[in-house]
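Undergrad: Sequence and computational prediction follow.
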Amino acid sequence: MAGIVSYGAYIPPTRLGFAVIAGRPPKDGGPERAVAWNDEDAVTMAVAAGANALRGFDRAGVGAVFFASTSYAFKEKQGAALIAKALDLPRDTRTSDVSGSLRAGSDALHAAFDAVAAGSAKLALVVASDSRLGAPGSAQELAFGDGAAAFLIGASDTIADLDGAHAFAEEIVDVWRSEGDPFVHSWEERFVVQEGYTPGITEAVRGLCERIGAKPGDFTKVALYAPDARSFAGAAAALKLERGALVDPLFGRLGNAGVAFAPLLLVSALESAKPDERVLFASYGDGAAAFAFSLTSQVEKLEPRRGVAFHLARRRAVASYDRYLKARSLDAKEYAGGRDAGLSATIHFRERDEDISLAGQRCQRCGGLQFPIQRVCERCFAKDDFERVRLADRIGRVVTYTFDFFFPTPDPPTIVTITDIDGARVHLQLVDVRPEDVKIGMPVELVFRRIHQVGGRPNYYWKGVPRP
Amino acid sequence: MKKDALRDKVAVTGVGCCPFGENWDQAPSDMIVDAAYQAYADAGIESPQRQIDAVFTGSIYSNKGPHECSDALKLFGKPVTMVSNYCATGTDAFRCGVLSIVAGLYDTVLVVGYDKPKDRGVSGPSVMMDRVRDLPQTPAGWFALCASTYFAKYGAGREELARIAVKNHKNGTLAPNSFLKREITVEEALSARMISWPFGLYDCAAQTDGAAAAVITRADLAPKGSVLVKGVTVVAGPNPQKDPENDFLSWKPTGWAAEQVYAQAGISSPFDEIDVAQLHDCFTLTELLSYEDLGFIEKGAAKEHIAAGTFALGGKLPVNTDGGLKAFGHPTGATGVRMIYENVLQLRGQAGPRQVKDARLALSHNIGGHPTACGIAILGRG
């Protein structure tokens, strides 16, 4: 059985006080966040955390390294290979980067447990590290913190055995960062919490509990990701978690450390855990994931690790906001108004079934297909009596068309059609065809393409191409 | 619908219309004041604050609600309602005003339609993208969707559309407040840059700023001989882009609205009874389809009637005598009220060089959205 063999962490000693961000002198005991200084980044923190996890273990046994981050410096050029070299791991260690989501830390853990359970690695090292930037003056700048967590996963001498895991994916634009943009953006906080975080984290935990036959209240230590203190309390209440079981989420001390945040709380849980305790670990981002662990007697034999407690005790306050801006090469004026927020993320979320899956519906009364999803039948007026139907695999036929020269496109015109898909009418662009070859009645297949780009975010939808 | 409930109960006693165009130096409030005070003067209203009982105003670009109109005109302490229904907005505001008088609630009501699209910094209509599956699309793309199907079935083509543009440009030169006062040729129309096939630049209405206003009154309080409302309705239709039954040979809401308004007005043969019509020519094809959808002529017969000049000034049923949306301009919320303005002038014999001889019954028609709504008003000489 796979489990956690060792762990480690790294939190930069530098702390940026909220008072300093507000332009006042540092205040002892006031709220603050951990900040990677100018010679630190996701990789240096990962190496430090990894070294702490490996301390006292035979590196030759490490057959896989998973590096999770959303803030690693390269688009092409692997971080895990660099980290493996810095940690002097064997040349034949398999290395992978996991990225693109706040959930990447738990995704990497999931992959490591699978690798060990499958026998393809004796030991797997997971390092989750993030140093995300919030725009100067934004709420994210206050909320974020920097740090890294590392776990050594193995099948023997485990301190915490994996009892089970449950994860799911969700298509939602709640928190994002586009290519070329240094700053993380967020849709309205109430939407992020009410439609994204709270239902997501509770679905993952409940799914896990169902899978392993447990109740949320059974766990004696809970490492729960949350974007802020208020949603942390809300999710804990919704799940009826034991108050005393909750691991301190360190808001106002560490800050939300991105993909490393929930893993750092897991480290915190393991630091004080006793044999036979049950630990719940839940992470969020584009869906959510939850893991259950049972502590073994081995936990008492593990040499003390440099974990969260060790690093929180070391601190150096930043003297002024200007020094922070310089260290991170930020220009406070550059980001005054923020970017165009783009299409409404709430509409995108509501309509993801139609837009991303191209789902229409069949009326159970009259049998007609229609698009988009509607409450009342276009044909027979039956209400709320529909079956979801996937249209994307079907063949459509062009009912009518126009060539739009008005919309700016590199290769005008845009071919716009009404296409009939087995009775459902879809307003559909036609691509990969010359205008003169467009005919009424021609059969088309559906392809998933970029439809437009607004506010720095690409939007995806379906288009038609002639059936080959 | 009680078909006789409305006919001849309401008189249009005053109309006004500001010059339509790129009114860079005018705020919405300036245009509203110009149009409304012209209508006051026309109706003999000397003390609007005392004499106007209620206001219905229409705009689709304003996000300021009815206050923009009430504040411009300083009409306070009375109901002011903002109506929004795409291009049918003006007719819908007029309809609401008429209904409030028919209901017996008010004696005299002001209707104001306006819009200020030229403050947005873009030429032409907005490319509307609120949602993921809103294709990069424009009204030209919506209304062009009837073309391939109609052309294939009835043999008309871009030249018929061009002739409509030529006619409306010509009429526009005769209206003092119109935006475009330049005649064009069929060749010019056909060779203009393409907007959304088959619509070239000259097939598209001129988007402008503008405001128009009407004062309406209980018929029994109006001077003898005032123009009377014979019928008015606005109907909703399905979005043709997802309507599974659409044949793309006509726009459904026009047929439904026509049936209702003809019943109200007691019209059985519209082509013979109506003397002048202002039709919604947001695009030339919209005017063409409306000839048929309004029952003026048989479905498919537009081609021959266009060639014969049926709808030109001097033809059997002149359409868009002031240049229409095409040449007079199209400030969306104002358009329906501008049509009321033109029809009132025609019925009073005040339309100058574009006067239709002995006009007794006049129709105005708006179609709006994808299109998803149609408004029609019929006025007659009292």
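TA: On my side now, so go ahead. Numbers count the residues shown, from 1 in each chain, chains lettered A, B, ... in the order given.
Undergrad: could you pull out the helices for the stretch 151-300 of chain B?
TA: Ranges of helices in the stretch 151-300 of chain B, per DSSP state H, counting those that start in this stretch, are B:158-172, B:186-191, B:252-265, B:270-273, B:284-293.
Undergrad: Can you tell me the closest non-neighbouring residue to residue A:271?
TA: residue A:307 (4.8 Å; CB to CB, 6 or more residues apart in numbering or on different chains). Just so you know, the C-beta spots here come from the backbone N, C-alpha and C atoms, and that holds for glycine as well.
Undergrad: which residues does the one you found contact?
TA: Residues near residue A:307 by CB atoms under 8 Å, 6 or more residues apart in numbering or on different chains: A:7-9, A:52, A:267-268, A:270-271.
Undergrad: Surely residue A:211 and residue A:166 touch.
TA: Yes: applying CB atoms under 8 Å, one finds residue A:211 in contact with residue A:166, separated by 5.3 Å.
Undergrad: Looking at the two, which is more packed in?
TA: Higher neighbour count among residue A:211 and residue A:166: residue A:166, with 20 against 14, using other CB atoms under 10 Å in any protein chain shown.
Undergrad: I'd assumed the more buried one was in a helix, is it?
TA: No: assessed with DSSP: H, G, I helix; E, B strand; the rest coil, residue A:166 is strand; it does not lie in a helix.
Undergrad: Just grab the bridge partners of it for me.
TA: In this structure, residue A:166 bridges to residue A:290 when assessed by DSSP bridges.
Undergrad: how many neighbours does residue 45 have?
TA: As the question left the chain open, I've gone with chain A. Count around residue A:45 with other CB under 10 Å applied: 30.
Undergrad: Switch to chain B, please.
TA: Counted with other CB under 10 Å, the neighbours of residue B:45 add up to 20.
Undergrad: Kindly report the same for residue A:244.
TA: Residue A:244, neighbours per other CB under 10 Å, totals 8.
Undergrad: Compute the number of surrounding residues for residue B:50.
TA: Residue B:50 has 8 nearby residues by other CB under 10 Å.
Undergrad: ok, now residue B:303?
TA: 17.
Undergrad: Tell me which helix or strand it sits in.
TA: If you go by DSSP states H and E, residue B:303 is part of helix B:302-308.
Undergrad: Break down chain A into its helices, ranges please.
TA: Listed in chain order, the helices of chain A (DSSP state H) span A:18-21, A:42-54, A:79-86, A:104-117, A:139-143, A:189-191, A:198-212, A:229-238, A:261-272, A:308-313, A:321-327, A:345-350, A:352-355.
Undergrad: that older thread, for the helix holding residue B:303, packing partners?
TA: helix B:158-172, helix B:284-293 (3 or more CB pairs under 8 Å, 6 or more residues apart in numbering or on different chains; DSSP states H and E).
Undergrad: What parts of the stretch 251-400 of chain A come near chain B?
TA: Within the stretch 251-400 of chain A, the positions lying close to chain B (CB under 8 Å from any CB of the partner chain) are A:343-344, A:347-348, A:351, A:354-355, A:368-372, A:378-379, A:399-400.
Undergrad: just the buried members of these?
TA: Buried residues within those, counting neighbours by 16 or more other CB atoms under 10 Å in any protein chain shown: A:343-344, A:347-348, A:351, A:354-355, A:368-372, A:378-379, A:399-400.
Undergrad: Residue A:98: which of these is nearest?
TA: residue A:348 (24.5 Å; CB to CB).
Undergrad: Could you check how far the closest one is from residue A:189?
TA: Residue A:348 sits at a distance of 17 Å from residue A:189 (criterion: CB to CB, to the nearest Å).
Undergrad: Mind checking if the helix or strand of chain B with the lowest mean pLDDT is in reach of chain A?
TA: Within chain B, confidence by mean pLDDT, DSSP states H and E is lowest for helix B:139-143 among all helices and strands, at a mean of 92. Yes: applying CB under 8 Å from any CB, one finds helix B:139-143 touching chain A at B:140-141.
Undergrad: tell me, how many neighbours does residue B:64 end up with?
TA: Residues near residue B:64, counting by other CB under 10 Å, number 13.
Undergrad: quick one: residue B:211 and residue A:272, what's the gap?
TA: Residue B:211 is 73 Å from residue A:272, where distance means CB to CB.
Undergrad: And these two? Which one has more around it.
TA: residue B:211 (35 against 13).
Undergrad: I'd say the more buried one and residue B:37 touch.
TA: No: contact between residue B:211 and residue B:37 fails when scored by CB under 8 Å: they sit 10.9 Å apart.
Undergrad: just to revisit the earlier point, of all the helices of the stretch 151-300 of chain B, which lies closest to chain A?
TA: With CB to the nearest CB as the criterion, chain A lies closest to helix B:284-293 of those, at 10.4 Å.
Undergrad: Check which helices and strands the closest one is in contact with.
TA: Based on contacts counted as 3+ CB pairs under 8 Å, 6+ apart, the elements that helix B:284-293 packs against are helix B:147-154, helix B:158-172, helix B:252-265, helix B:302-308, strand B:361-368.
Undergrad: Show me what counts as buried in the shortest one.
TA: Spelled out, that is helix B:302-308. Neighbour-count burial for helix B:302-308 [16+ other CB under 10 Å]: B:302-303, B:305-306.
Undergrad: contacting residues around residue 99?
TA: If you meant another chain, say so; for now it's chain A. A:68-70, A:72 are the contacts of residue A:99 under CB under 8 Å, 6+ apart.
Undergrad: sorry, should have said chain B
TA: When contacts are counted by CB under 8 Å, 6+ apart, residue B:99 touches residue B:6.
Undergrad: give me phi/psi at it?
TA: phi -60, psi -40 (degrees, to the nearest 10).
Undergrad: which regions of the stretch 251-382 of chain B lie under the pLDDT threshold?
TA: In the predicted model, the stretch 251-382 of chain B carries no residue with pLDDT under 70.
Undergrad: low-confidence ranges in the stretch 251-400 of chain A?
TA: Low-confidence segments of the stretch 251-400 of chain A (pLDDT under 70): A:333-341.
Undergrad: Tell me the residues of chain B that contact chain A?
TA: B:124, B:127, B:129-133, B:135-138, B:140-141, B:144-149, B:152, B:193-199, B:238, B:240-246, B:248.
Undergrad: what helix or strand is the residue lying farthest from the centre of chain B on?
TA: Most distant from the centre of chain B: residue B:132, at 31.5 Å, with distances by CA atoms, centre = their mean. Per DSSP H and E, residue B:132 falls between elements, in no helix or strand.
Undergrad: doesn't residue A:348 make contact with it?
TA: Yes: contact criterion CB under 8 Å: residue B:132 and residue A:348 qualify, at 5.7 Å.
Undergrad: any residues in contact with both of the two?
TA: With CB under 8 Å, 6+ apart, residue B:132 and residue A:348 have common neighbours A:355, A:459.
Undergrad: mind listing what the strand ranked longest in chain A pairs with, with the direction of each?
TA: Using DSSP state E to assign secondary structure, the strand with the most residues in chain A is strand A:443-454. Its sheet considered, strand A:443-454 pairs with strand A:396-404 (antiparallel), strand A:457-466 (antiparallel) by DSSP bridges.
Undergrad: re the thing from before, just checking, next helix/strand downstream of the helix holding residue B:303?
TA: Toward the C-terminus from helix B:302-308 - assigned by DSSP H and E - lies helix B:324-327.
Undergrad: what's the neighbour count on residue B:91?
TA: By other CB under 10 Å, 34 other residues sit near residue B:91.
Undergrad: what does the domain assignment say about chain A?
TA: A:3-327, A:351-466 (automatic domain parsing).
Undergrad: Redo these as a markdown table? Include distance to residue B:79.
TA: What follows is the domains of chain A, written out as a markdown table (distance: least, CB to CB, whole Å):
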| stretch | distance to residue B:79 |
| --- | --- |
| domain A:3-327 | 35 |
| domain A:351-466 | 32 |
